[in-house]
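Participant: Sequence unavailable; structure follows:
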């Protein structure tokens, strides 16, 4: 299955990597590795992840919790595509990314 990360989600990853790296050397790299691990797990078996409770409209969105960091990977499974919609901090306003 092909994986596509929206540019807005890529920007969220980069912003968080920089923020964590400013706090402690190497922590940004750890965050990035955790994101990649979550995306790989999603790609391996996307249906094992729960539906995102705050799904917008008729979209069937799912979420994966990122280990060690307070982030969720919000994604949608399409026919032959896994679309990563957001890398959302768990304390941020739910659904802020809904117009993507």
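Facilitator: Received it, and whenever you're ready, just let me know what you need. Nothing here was measured: the structure is a model prediction, and the numbers come from that model.
Participant: Dead centre of the chain: give me the residue that sits there.
Facilitator: residue 73 (2.0 Å; CA atoms, centre = their mean).
Participant: Pairing-wise in the sheet, spell out the partners of that residue.
Facilitator: On the basis of DSSP bridges, residue 73 is bridged to residue 64, residue 87.
Participant: tell me the SS of the residue of the chain most remote from its centre?
Facilitator: Relative to the centre of the chain, the most outlying C-alpha is that of residue 25, 22.6 Å out, by CA atoms, centre = their mean. Here residue 25 is coil, with the state taken from DSSP: H, G, I helix; E, B strand; the rest coil.
Participant: for it, phi and psi?
Facilitator: Per-residue torsions, residue 25: phi -60, psi 130 (degrees, to the nearest 10).
Participant: residues touching it, list them.
Facilitator: With contact set as CB atoms under 8 Å, 6 or more residues apart in numbering, residue 25 has no partners. Every C-beta, even on glycine, is put in place using the N, C-alpha and C of the backbone.
Participant: Quick check: pLDDT value at it.
Facilitator: At residue 25, the model reports a pLDDT of 97.
Participant: how about the helices of this protein, start to end?
Facilitator: In the chain, the segments counted as helices under DSSP state H are 7-23, 27-44.
Participant: Let me know which of the ones you listed is tucked in deepest.
Facilitator: helix 27-44 (a mean of 16; mean count of other CB atoms under 10 Å).
Participant: Please name every helix or strand in contact with that one.
Facilitator: Applying 3 or more CB pairs under 8 Å, 6 or more residues apart in numbering; DSSP states H and E, one finds that helix 27-44 makes contact with strand 2-5, helix 7-23, strand 61-65, strand 71-77, strand 81-89.
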